[in-house]
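Undergrad: Make a model of this:
(one chain, ligands or ions: 2)
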Amino acid sequence: MEINKIILRHVKMDLLTPFTTSIGTEYDKDFILVEVQSKSGQSGWGESVSIKEPIYNEETVETNWHMMRDHLIPLLRKTEIMHPNDVSQHFLPIRRNYNAKAAIEGAIWDLYAKENNISLSKALGGVKEKIEVGVSVGIKQSQYEMLRQIESYLGEGYKRIKVKIKPGWDIEIIKAIRKEFPEIALMADANCAYNLDDISHLQALDEYSLTMIEQPLDCDDIVDHAILQSHLKTPICLDESIHTVEDARKAIELGSCKVINLKIGRVGGLSESLKIHDLCKSHSIPMWCGGMLEAGIGRAHNIAITSLSNFSIPGDTAPSSHYWSEDLIAPEITMEDGYIHVPNSAGIGFEPNLDKINNIMVTTQPFTI
Ligand SMILES: O=C(O)CCC(=O)C1=CC=C[C@@H](O)[C@@H]1C(=O)O
Ligand SMILES: [Mg+2]
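TA: Ligands and ions are numbered 1, 2, ... in the order given. Just a heads-up that it's a prediction; the model follows:
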């Protein structure tokens, strides 16, 4: 692969509706788009999932820009990329900064798929032509508002409902949801809001047939989740705790979880995602693709990875119109009867809308390679 230019774009988009979790509320998204150009004239696109504040992980838009400009892009100038799998190897000397690494690596995967005239899904080993879509419902002001929102999402066809919980907004809201919707596929995401003193409290959730409880304990924990899982009937799903395939191996070996939420940005890119996929598949640990309120570029990458066989649970891959008044890709991502079709055109299968991107741009900088 003959990459000769990388363009970083810091953009800002307003969310259609604020999104509240146990760690905060997002009203808009600042994030970085990565365009990788090759001598062939093709462009590959990636999107960083880092947000303004370091509240989900330690990265921010600012740290991304610094890491990309001062460390990751200079590294690429000194190395040769024969295949996208080489990128994460070249990035190994740099610790963590997984969101920044994934955005660049994802753009290179997209470029590679385009230059080989195959979809990103096929380049990754995808097997599905359409994926089931779940939706993540933020914390609401009241039970009534939550129940009406879920009713509305079910009417749109979503295959799985994920609700956010935290101390004081957990047992009662899950009980109310189950009373009104006894049969739906329902899961809860705690975003690290509990600790081992809450074991008996969380055991109360076991009677509501949740498909999983996501990340109940600390964001870097694997050991205590194993203790908690031994006390719960409900499967634990890990999100924030899993940064590498080694984390996933340890979690599986310790029995810390029975499901893994895969986020391409959290694990440093698609190559690591494939390793985690194959490990989970070999241990019969089902996966789903988590969301980070991505715009269309990042969402397109999520659709591609979700087409792999072990992604057996609907992910947080709602269509463009769930998040944005206008997405930054054309065509936008749409959902039919709770499914999104996996593009079979080259690369991520969606073109960047450069007019939209220029209108929402905060700053941009090109780098020659
Ligand atoms: O992208 C979506 O639709 C779901 C977003 C979502 O649930 C999250 C986004 C960012 C951080 C977290 O609060 C949360 C998650 O844990 O998945
Ligand atoms: Mg989560």
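
Undergrad: Show me the shaky parts of the protein.
TA: When the per-residue scores of the chain are filtered using pLDDT under 70, no range remains.

Undergrad: So which residues on it come close to ligand 2?
TA: Proximity of the chain to ligand 2 is confined to D189, E214, D239 under the rule CB under 5 Å from the ion. Any C-beta I mention is one placed from the backbone N, CA and C, and that applies to glycine too.

Undergrad: isn't the last one right next to R266, touching?
TA: What that stands for is D239. Yes: with contact defined as CB atoms under 8 Å, D239 reaches R266; the gap is 7.5 Å.

Undergrad: which one of these two has more residues nearby?
TA: Legend: neighbour count by other CB atoms under 10 Å for D239 and R266, higher for R266 (24 against 21).

Undergrad: Neighbours of K52, how many?
TA: K52 has 14 nearby residues by other CB under 10 Å.

Undergrad: which element is it on?
TA: For K52, there is no host helix or strand (DSSP states H and E).

Undergrad: residues in contact with it?
TA: Contact partners of K52, counting by CB atoms under 8 Å, 6 or more residues apart in numbering, are D30, T60, V61.

Undergrad: Among the residues of the chain next to ligand 2, which one lies nearest to W109?
TA: Nearest to W109 out of the residues of the chain next to ligand 2 is D239 (CB to CB; 22.2 Å).

Undergrad: From M187, how far off is the closest one?
TA: Distance, D239 to M187, by CB to CB, to the nearest Å: 11 Å.

Undergrad: before we move on, what about A204?
TA: Distance check for A204 against M187: by CB to CB, it reads 16 Å.

Undergrad: roughly how far out does stretch 185-199 sit from the chain middle?
TA: Mean-position distance between stretch 185-199 and its chain equals 19 Å (CA atoms, centre = their mean, to the nearest Å).

Undergrad: whoops, stretch 279-297 was the one
TA: On CA atoms, centre = their mean, the centre of stretch 279-297 falls 7 Å from that of its chain.

Undergrad: now stretch 188-203
TA: With CA atoms, centre = their mean as the basis, stretch 188-203 stands 22 Å off its chain's centre.

Undergrad: so what's the nearest residue to Y153 once chain neighbours are set aside up against?
TA: The shortest distance from Y153 to any non-neighbouring residue, by CB to CB, 6 or more residues apart in numbering, is to V135 (5.0 Å). Residues in contact with V135 (CB under 8 Å, 6+ apart) are Y153, Y158, R160, I161, K162, D316, A318, H322.

Undergrad: shared neighbours, D239 and R266?
TA: When CB under 8 Å, 6+ apart defines a contact, the residues bordering D239 and R266 alike are G290.

Undergrad: Okay, whatever residue of the stretch 101-250 of the chain ends up closest to ligand 1 and H322: tell me how far apart.
TA: Taking CB to the nearest ligand atom, ligand 1 has its nearest neighbour within the stretch 101-250 of the chain at S136, 3.6 Å off. To H322, S136 is 10 Å away according to CB to CB.

Undergrad: same question, E294
TA: 11 Å.

Undergrad: rewinding a little: most surrounded residue in the contacts of K52?
TA: Ranking the contacts of K52 using other CB under 10 Å puts V61 first, with 22 neighbours.

Undergrad: Next to ligand 1, which bits of the protein? Give me the list.
TA: 21, 23, 56, 136, 189, 191, 239, 290-293, 316, 318 (CB under 6 Å from any ligand atom).

Undergrad: Which members of the residues you listed are positioned in strands?
TA: Here DSSP state E is the test, and the residues of the chain next to ligand 1 give T21, S136, D189 as lying in strands.

Undergrad: Of those residues, which is the nearest to ligand 2?
TA: D189 (4.5 Å; CB to the ion).

Undergrad: which residues does the spatially closest residue to that closest one that is not a sequence neighbour contact?
TA: The shortest distance from D189 to any non-neighbouring residue, by CB to CB, 6+ apart, is to E214 (4.0 Å). Neighbouring residues of E214 by CB under 8 Å, 6+ apart: K162, M187, A188, D189, A190, N191, I236, C237, L238, D239, N261.

Undergrad: got it, and T334?
TA: P319, S320, S321, I340.

Undergrad: and K122, what helix or strand is that in?
TA: Using DSSP H and E, K122 sits in helix 120-124.

Undergrad: Which elements pack onto that helix?
TA: helix 98-115, helix 296-306 (3 or more CB pairs under 8 Å, 6 or more residues apart in numbering; DSSP states H and E).

Undergrad: strands paired with the helix or strand L33 falls within, and their directions?
TA: Element membership of L33, judged by DSSP H and E, is strand 24-38. Applying DSSP bridges, strand 24-38 is found paired with strand 3-21 (antiparallel), strand 43-47 (antiparallel).

Undergrad: Pick the most deeply packed of these.
TA: strand 43-47 (a mean of 27; mean count of other CB atoms under 10 Å).

Undergrad: which ones are touching the closest residue to ligand 1 within the stretch 151-300 of the chain?
TA: Using CB to the nearest ligand atom, the closest approach of the stretch 151-300 of the chain to ligand 1 is made by G291 at 2.3 Å. By CB under 8 Å, 6+ apart, the contact set of G291 is S136, K263, R299, N302, G315, D316, T317, A318.

Undergrad: Now do the same contact list for the third one.
TA: So the one you mean is R299. Contacts of R299 (CB under 8 Å, 6+ apart): G291, T317, S320, I333.

Undergrad: who touches the closest residue to S307 other than its chain neighbours in this structure?
TA: Nearest non-adjacent residue to S307, counting by CB to CB, 6+ apart: G126, 3.1 Å away. With contact taken as CB under 8 Å, 6+ apart, G126 is in contact with S119, A304, I305, S307, L308, V342.
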